[in-house]
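J.: Just a sequence and a predicted model for now, questions to come.
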Amino acid sequence: MADPRVPEPESQRGSPSPSGGGLSGGTRQRASAAKSAGWRLPAWFTTGDRPWLKIAAVVGGVILLLILGTFAYAVATLPDPSKLDLAGGAVGILDRHGVLIEQRNAEGARVNPVKLADISSNLRNATIAVEDKNFYQHHGIDWGRVIKAGIIDTIARRPEQGASTITEQLAKITVLQSPKRSILVKLREALVATSLESKYKKDEILGLYLNTIFYGHHATGIEAASQVYFGKHASELSLGEASMLAGLPNGPSYYDPAIHLDRAKARQAIVLGAMVRQHVITQDQADQAKAQTLTFVFKENRSSQAPHFVDFVFEELDSLYGPSVVNRGGFNVTTTLDLTLQKAAEHAVAVGQQRLGALGADNGDFLAMDPKTGDILAMVGSADFFNIDIHGQFNVVTGLRQPGSSFKPYVYEQAFRSHKLTMGNLLDDTSRHFAGGQFHDFDFRDMGMITAHQALLLSRNIPALETMQTAGVDNVISLAHELGITTNLKSEVTTAIGSSEVRLLDHAVGYGVFATGGTRHDPVSILEVKDQNGNTLDKPNPPQAKQVITQQEAYLITYILKDYSNQWSLGWNKPFAGKSGTTNDYHDAWMMAYSPNLVIGAWVGHTGPGNQNMNGVFGTMVGSSVLKDFINNGLSQAKFKVESFQRPSGLIDGPPCQNNANVSPSTSPSGSPTSGSPKVGSEKELYLPGTECAAPSATPSPSASPSPSASLLPSVVPSGVLGSPTPSPSASTTPTPTPSAPAASPSSSS
């Protein structure tokens, strides 16, 4: 007889099936005791034909409530659109200690409101064509553009397409005045724009906009911009001038024709193209306007303690918040700059001009960064911001120049880390062919077999080219990009000696990797943005640090370059590693230096009228003038404590190599001897584990060394202009090169 089954409680029985029958025998077990005791969906969710429709309805209702709540809040907190602020708010740029560097768009801004009738029709038509082609048709919001922008942004997964009308932009810059970007801000912007359309006529809105928008160079409004850029009234603008100015509000710093004329011309072409599509002008008129030679006057009244840095910061602000918000101001920006170091950098550049000016160096720059954070501590973009003759407003720190031999550390680093070369291996410093060309060093001398350590320390070109081939050209380029170089580098062996252009800003990031023991920190200029009441609006996240090489790999370069000042008698009184660079015909002269907590770099050149080359200015001369003044005097006055290098564990001490047996024969440098000792070499080398050279069985007799030269500078340098950077007798017993003339082949020098 079967056991009687205990009836299942009603609360645990299954619900009737759609067919009308219950669960089979009502005997289905519970999945778990916890399920019956825990939270369950209400019965009305699980009954009926389609319970998911009810779930969707609830979710939709919640979303609708959120939208209505956001809309209600936006309306409740909406500013009065009748109170247009044409003066705008100030943007205060502060250094890291809160000291004012420059203030824009307040008392210092040029604002000259004029009637719409006093503004060139060329400018009015150009602005409408490029900013809001349906301006006279919509009522504040162009829904077609909104939908199009939404589709494009969805496909791109990031903001790609602007949808703000002229009215919305006016609402943003004159009423809302907030650098924040959010759905709430966009909603309020649309509401204010609709309100403005109900209060003002279209021509009044256009006139307000053209008198309110920022055009760069401290010019707010089109009349002020016309005076600053072209020295004429807004009513007198030609089509070429008008199309140039109409394109600037999209990015006044980015498209600044004073320093980025190519970008400004490209933007002008976009404006003219829009005018042609709107049938405002013909293609022939557009072509004539593009071909017109524009005469800029840049009549600007500006007071700044770091003008190039401030311009750099404004480009960053435009990128973060959009130019229309930034240009109306109303907030303060705390930056990374240290004004004490900035003044020291400016003084150092002035010292360099004083000492090297007689040799044709009429321009120079300087950059200081914290390699541990990427913070820009000082930036001097030119010798004189207001000197038009040398194109002083162009920021050479962010411009492209050939780095010369200052590029070589990247080459040796790749060779060392790939175990294709060690600092103790031998390289052949003998003039020869590379990539179809004849190469020789800057002093036209051959030193024969020398170690890689000495080749880099003495900045020899032929060994650097040999190392480039050994490491692999593309491998070196890839590493340089990993370390921080952002520009295109030519896949050629001559890139090893600086034939490819780089930015000083990137170069400092690359040297910062050596300084930090392999960690890359990209440049940072903005720490915090606050409103005028001191409330924090934003703290931009700095770029994420990236470990690109090991501490041991990084220290190999530092171990060599920490002796650079002594080797070349640069006179630094603090522990900096460094590397100089000079390009053909003395076109560019560089000096890079770093400690664990500071990276600095400087360049000098000739950018004024006449021959663009200098008369015998080497990179080492930049080191013994510009950097020497900053290191010895500026840092001391700023009470900046320079940290000393610490050798990481995991490296092996060893003697220089007697041959290249410690590296693979397939990758070892060419011309390696099978016996004998190098002509020059340090007493101790450092090796990555497994790459060290075997100790010699007997101490070889030292080879005779040529007598040190009396000077490392060419004879064209007038006596007394600058001390000659001769090697210190105690630093090395190696022979020293004597440059007697610039290299004729495509090479670089020290």
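T.: Done, it's in. Numbers count the residues shown, from 1 in each chain.

J.: so what's residue 315 up against?
T.: 251, 253-254 (CB atoms under 8 Å, 6 or more residues apart in numbering). In this view, the C-beta of every residue, glycine as well, is placed from N, C-alpha and C.

J.: how about 7 Å then?
T.: The contact partners of residue 315, by CB atoms under 7 Å, 6 or more residues apart in numbering, come to 253-254.

J.: ok, and it, which helix or strand is that part of?
T.: Residue 315 belongs to helix 307-321 when assigned by DSSP states H and E.

J.: Count the neighbours of the residue nearest to residue 285 when sequence neighbours are not counted for me.
T.: Counting by CB to CB, 6 or more residues apart in numbering, residue 285 lies nearest to residue 239, which is 6.4 Å off, once chain neighbours are set aside. Neighbours of residue 239 under the rule other CB atoms under 10 Å: 24.

J.: and the gap between residue 239 and residue 460?
T.: 57 Å (CB to CB, to the nearest Å).

J.: what's the answer for residue 523, then?
T.: Taking CB to CB, one finds residue 523 at 32 Å from residue 460.

J.: For residue 601, give me phi and psi.
T.: phi -150, psi 150 (degrees, to the nearest 10).

J.: With the one 10 residues further on instead?
T.: Reported as degrees, to the nearest 10, the phi and psi values for residue 611 are phi -60, psi 130.

J.: quick one, what contacts residue 314?
T.: Contacts of residue 314 (CB under 7 Å, 6+ apart): 253, 326.

J.: again with residue 493
T.: 434-435, 465, 468-469, 473.

J.: just residue 115 next, same as before
T.: Residue 115 touches residue 207, counting by CB under 7 Å, 6+ apart.

J.: Residue 101 too?
T.: Residue 101 neighbours (CB under 7 Å, 6+ apart): 93-95, 304-306, 310, 337, 339.

J.: So it: helix, strand or coil?
T.: Put simply, residue 101 is strand when judged by DSSP: H, G, I helix; E, B strand; the rest coil.

J.: how much space is there between it and residue 342?
T.: For residue 101, the distance to residue 342 - CB to CB - is 8 Å.

J.: overlap in contacts of these two?
T.: 305-306.

J.: Flag the shaky bits of the stretch 251-400 of the chain, pLDDT-wise.
T.: 301, 324, 328 (pLDDT under 70).

J.: Please enumerate the helices of it.
T.: 261-277, 283-291, 307-321, 323-328, 339-356 (DSSP state H, counting those that start in this stretch).

J.: Output the ones you listed as CSV; include the columns distance to residue 567.
T.: Formatted as CSV, the helices of the stretch 251-400 of the chain follow (distance: least, CB to CB, whole Å):
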stretch, distance to residue 567
helix 261-277, 41
helix 283-291, 53
helix 307-321, 32
helix 323-328, 47
helix 339-356, 21
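
J.: which one of those has the most crowded surroundings?
T.: helix 323-328 (a mean of 25; mean count of other CB atoms under 10 Å).

J.: Output the helix holding residue 315 as PDB, nothing but the C-alphas.
T.: Only the C-alpha atoms of helix 307-321 are listed here, as PDB (Å, rounded to 0.1, in the frame of the first residue of the first chain):
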ATOM      1  CA  PRO A 307      51.300  83.600 -23.100                       C
ATOM      2  CA  HIS A 308      52.300  80.500 -24.900                       C
ATOM      3  CA  PHE A 309      51.300  78.300 -22.000                       C
ATOM      4  CA  VAL A 310      48.000  80.100 -21.700                       C
ATOM      5  CA  ASP A 311      47.200  79.600 -25.400                       C
ATOM      6  CA  PHE A 312      48.100  75.900 -24.900                       C
ATOM      7  CA  VAL A 313      45.700  75.700 -21.900                       C
ATOM      8  CA  PHE A 314      42.900  77.300 -23.900                       C
ATOM      9  CA  GLU A 315      43.300  74.700 -26.600                       C
ATOM     10  CA  GLU A 316      42.900  72.100 -23.900                       C
ATOM     11  CA  LEU A 317      39.800  73.900 -22.600                       C
ATOM     12  CA  ASP A 318      38.300  74.100 -26.100                       C
ATOM     13  CA  SER A 319      38.800  70.300 -26.400                       C
ATOM     14  CA  LEU A 320      37.200  69.600 -23.000                       C
ATOM     15  CA  TYR A 321      34.200  71.900 -22.900                       C
END
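
J.: how far does that helix sit from the chain's center?
T.: Relative to its chain's centre, helix 307-321 lies at 11 Å (CA atoms, centre = their mean, to the nearest Å).

J.: ditto for stretch 296-309
T.: For stretch 296-309, the distance to the chain centre is 21 Å (CA atoms, centre = their mean).

J.: how long is it end to end?
T.: Terminal residues of stretch 296-309 are spaced 23 Å apart (CA to CA, to the nearest Å).

J.: swap in stretch 612-631?
T.: Stretch 612-631: ends 29 Å apart by CA to CA.

J.: buried ones in it?
T.: Judged by neighbour count using 16 or more other CB atoms under 10 Å, the buried positions of stretch 612-631 are 613-631.

J.: Could you do stretch 380-400 as well?
T.: Result for stretch 380-400 [16+ other CB under 10 Å]: buried residues 380-385, 390, 392-399.

J.: From one end of it to the other, what's the distance?
T.: Rule used - CA to CA; the end-to-end distance of stretch 380-400 is 15 Å.

J.: Can you tell me the SS state at the closest residue to residue 688 other than its chain neighbours?
T.: Distance criterion CB to CB, 6+ apart; nearest residue to residue 688, sequence neighbours excluded, is residue 552 at 6.0 Å. Following three-state DSSP, residue 552 is assigned to helix.

J.: same deal with residue 456?
T.: helix.

J.: What are the neighbouring residues in contact with it?
T.: 408, 412, 560.

J.: Following the chain onward from the helix or strand harbouring the second one, which element is next?
T.: In this assignment (DSSP H and E), residue 412 forms part of helix 408-417. Downstream of helix 408-417, the first helix or strand assigned by DSSP H and E is strand 426-429.

J.: rewinding a little: need the contact list for the residue nearest to residue 688.
T.: 648, 650-651, 688.

J.: Any buried residues in stretch 198-218, and which?
T.: Here stretch 198-218 shows 200, 205-218 as buried, counting by 16+ other CB under 10 Å.

J.: Span of that stretch from start to end?
T.: 32 Å.

J.: One more: stretch 493-505?
T.: Termini of stretch 493-505 sit 23 Å apart (CA to CA).

J.: In that stretch, which of the residues would be classed as buried?
T.: Neighbour-count burial for stretch 493-505 [16+ other CB under 10 Å]: 493-500, 502-505.

J.: can you put these in JSON lines and add secondary structure and distance to residue 137?
T.: Output for these, formatted as JSON lines (DSSP: H, G, I helix; E, B strand; the rest coil; distance: CB to CB, whole Å):
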{"residue": "493", "secondary structure": "helix", "distance to residue 137": "60"}
{"residue": "494", "secondary structure": "helix", "distance to residue 137": "58"}
{"residue": "495", "secondary structure": "helix", "distance to residue 137": "55"}
{"residue": "496", "secondary structure": "helix", "distance to residue 137": "60"}
{"residue": "497", "secondary structure": "helix", "distance to residue 137": "60"}
{"residue": "498", "secondary structure": "coil", "distance to residue 137": "56"}
{"residue": "499", "secondary structure": "coil", "distance to residue 137": "55"}
{"residue": "500", "secondary structure": "coil", "distance to residue 137": "51"}
{"residue": "502", "secondary structure": "strand", "distance to residue 137": "49"}
{"residue": "503", "secondary structure": "coil", "distance to residue 137": "45"}
{"residue": "504", "secondary structure": "helix", "distance to residue 137": "49"}
{"residue": "505", "secondary structure": "helix", "distance to residue 137": "45"}
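
J.: nearest to residue 482, of those residues?
T.: Using CB to CB, residue 502 is the member of these that sits closest to residue 482, with 14.1 Å.
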